[in-house]
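Undergrad: Can you look at this prediction? I've put the sequence above it.
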Amino acid sequence: LEVIASVEPRIADATRAELADQRSSLKLIASENYASPAVLLTMGTWFSDKYAEGTVGHRFYAGCQNVDTVEALAAEHARELFGAEYAYVQPHSGIDANLVAFWSILAHRVEGPWLEKAAAKNVNDLTEADWEALRKELGNQRLLGMSLDAGGHLTHGFRPNISGKMFHQQQYGTNPETGLLDYDALLAKAREFKPLVLVAGYSAYPRRVNFAKMREIADEVGATLMVDMAHFAGLVAGKVFTGEENPVPYADIVTSTTHKSLRGPRGGLVLATGELAPSVDRGCPMVLGGPMSHVMAAKAVAFAEARTEDFQAYAHRVAENAQTLAEGFLKRGAKLVTGGTDNHLVLLDVTSFGLTGRQAESALLDAGVVTNRNSVPADPNGAWYTSGIRLGTPALTTRGFGAEEFDRVAELMVEVLRNTTPGTTKAGTPSQASYVLADGVADRVRAASAEM
Ligand code: PLP
């Protein structure tokens with residue numbers, strides 16, 4: 001930090017402040033974690049300075065032999081860790097990984113057959129009219145993904161996202177009574193819509209998914225099954241999700257981030273069957289430019305960590321702690337979407353406290369509890385104010401929290417929420433954002449969490 005301070009002291013100060021915040025607060029954001037010193041240090045090396053567009057052994061720049069070592073090792077660890085036929089470690093983020101997957105599927109399923117249809121052995125033989133027809137066909141494909149308010153991600157066909165624009169999209173939700181995925185309803189929707197791509201996976205669904213059933217649905221309608229395991233990759237790596245709950249043997253293509261429950265550097269990952277591998281390998285230049293070699297190196301380190309028994313024990317504790325957290329809320333009368341959890345996240349419905357998600361998030365932050373507001377299914381407060389608070393156990397489990405601490409976390413959060421009341425606007429009408437937290441509660445909760 002002294003070296004940084006000698007150039008731009010404000011960045012050194014902000015970095016120190018961030019460390020202090022992350023150490024003194026209760027970090028319950030489900031997509032965050034604490035990467036190991038080995039992972040963090042690997043990101044700060046000279047690989048950051050190297051350009052390496054292309055793939056291993058096939059680069060558009062000279063002098064990439066060390067990057068080749070790094071990328072090959074990261075891919076090998078990823079294949080071994082997840083039992084995948086092929087791994088692509090270049091995507092810079094989860095969104096990049098999904099874009100690579102979408103274009104790979106289009107290239108494989110539409111471009112390939114179309115080129116054959118056009119009987120064009122050489123792309124150079126295609127006329128402008130041929131390309132026009134291909135563009136039409138590429139732009140005419142369908143994607144079915146989980147809706148945002150049911151727990152899906154923006155990139156799963158949400159209308160304002162590029163995934164909702166490059167495809168004709170439809171979304172599936174959860175059963176309105178139980179909040180659970182309804183595979184029969186999904187099958188009926190898929191039969192009617194006939195998507196090219198069926199996307200499974202989630203950001204805020206607190207339950208496990210049966211990927212064997214997803215595979216059956218995809219097969220029934222001839223869809224490519226893409227699973228975005230960004231949130232639960234750590235639980236797959238740590239063998240908490242096995243059999244039908246492990247997407248890798250069932251999906252054609254699996255995407256992920258590397259920085260959430262997997263506890264690596266910020267980044268993306270694509271796993272694919274051998275059949276899709278050649279299309280995915282074209283991620284650069286199709287969607288990506290130069291890979292971040294320092295981050296690929298850190299991915300290799302994180303994957304090596306995730307292959308240990310220690311990581312498996314960690315992943316099991318993440319899931320056990322989520323159960324304890326959910327039970328801690330339920331026994332104190334709080335309401336949870338789906339009534340509980342069986343993964344790493346808990347979705348608390350704060351309407352039972354008379355609050356919006358925004359008010360709850362702000363009051364909790366005052367008390368040093370860092371969460372994010374989140375829609376619940378058919379959310380009456382919309383996507384900005386919301387009615388939910390999403391919580392995850394990966395970060396605090398890394399800090400060593402167990403059952404006793406997570407029960408205490410639930411107790412402290414309930415104390416904050418019970419002592420928070422909705423505020424009013426300047427005009428005196430009810431506000432969805434402002435709130436009043438009773439005096440002394442924030443200090444009491446901060447002091448209690450400092451002791452954990
Ligand atoms: N996919 C899912 C399921 C996610 O939850 C997220 C992140 O929130 C992403 C993709 C995007 O990841 P990134 O923020 O690295 O682009």
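TA: On my side now, so go ahead. None of the values given here were measured: they were computed from a predicted structure.

Undergrad: send the alpha carbons of the lowest-mean-pLDDT helix or strand in the chain over as PDB?
TA: When the helices and strands of the chain are scored by mean pLDDT, DSSP states H and E, helix 112-117 comes last with a mean of 84. Provided in PDB are the C-alpha atoms of helix 112-117 (Å, rounded to 0.1, in the frame of the first residue of the first chain):
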ATOM      1  CA  GLY A 112     -23.000 -24.800 -39.000                       C
ATOM      2  CA  PRO A 113     -26.200 -26.300 -40.400                       C
ATOM      3  CA  TRP A 114     -26.900 -23.200 -42.300                       C
ATOM      4  CA  LEU A 115     -23.600 -23.200 -44.000                       C
ATOM      5  CA  GLU A 116     -24.100 -26.800 -44.900                       C
ATOM      6  CA  LYS A 117     -27.600 -26.000 -46.200                       C
END
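
Undergrad: What residues of it count as buried?
TA: Neighbour-count burial for helix 112-117 flags 114-115 (criterion: 16 or more other CB atoms under 10 Å). C-beta here means a position set from N, CA and C on the backbone, and glycine is covered the same way.

Undergrad: cool, stretch 138-155 as well?
TA: Counting neighbours by 16+ other CB under 10 Å, stretch 138-155 gives 138, 141-155 as buried.

Undergrad: From those residues, pick the one nearest residue 89.
TA: Proximity of those to residue 89 (CB to CB) peaks at residue 155, which lies at 18.8 Å.

Undergrad: That closest one against residue 228, yeah?
TA: Yes. Distance between residue 155 and residue 228: 7.2 Å, which falls inside the contact criterion (CB atoms under 8 Å).

Undergrad: Grab the nearest non-local neighbour of residue 333.
TA: The shortest distance from residue 333 to any non-neighbouring residue, by CB to CB, 6 or more residues apart in numbering, is to residue 352 (7.5 Å).

Undergrad: ok, the one you found touching residue 334?
TA: Yes. Applying CB under 8 Å as the test, residue 352 and residue 334 come out as touching, 6.3 Å apart.

Undergrad: who has more neighbours, the two?
TA: Neighbours were counted for residue 352 and for residue 334 using other CB atoms under 10 Å; residue 334 has more, 21 against 13.

Undergrad: ok, and what's touching the least confident helix or strand of the chain?
TA: The contact list for helix 112-117, computed with CB atoms under 8 Å, 6 or more residues apart in numbering, reads 123, 126, 133-134, 137.

Undergrad: same check, this time on stretch 189-196
TA: For stretch 189-196, the external contacting residues (CB under 8 Å, 6+ apart) are 105-106, 109-110, 141-144, 167, 170, 172, 198, 217-218, 220-224.

Undergrad: Can you flag which of these belong to strands?
TA: Mapping the contacts of stretch 189-196 onto strands (DSSP state E) picks out 142-144, 170, 172, 198, 224.

Undergrad: Going by distance to residue 50, which of those residues wins?
TA: The shortest approach to residue 50 among the ones in strands among the contacts of stretch 189-196 belongs to residue 224, at 34.0 Å (CB to CB).

Undergrad: got the buried residues for stretch 106-125?
TA: Applying 16+ other CB under 10 Å to stretch 106-125 flags 106-111, 114-115, 118 as buried.

Undergrad: mind listing the helices for the stretch 151-300 of the chain?
TA: Listed in chain order, the helices of the stretch 151-300 of the chain (DSSP state H, counting those that start in this stretch) span 162-166, 183-193, 211-221, 233-237, 277-280, 283-286, 293-306.

Undergrad: what sits in contact with each of residue 155 and residue 228?
TA: Residues touching both residue 155 and residue 228 by CB under 8 Å, 6+ apart: 94, 98.

Undergrad: ok, now which ones touch the closest residue to the ligand within the stretch 51-200 of the chain?
TA: Proximity of the stretch 51-200 of the chain to the ligand (CB to the nearest ligand atom) peaks at residue 94, 2.3 Å away. Contacts for residue 94 (CB under 8 Å, 6+ apart) come out as 153, 155, 228, 230, 255-257, 268.
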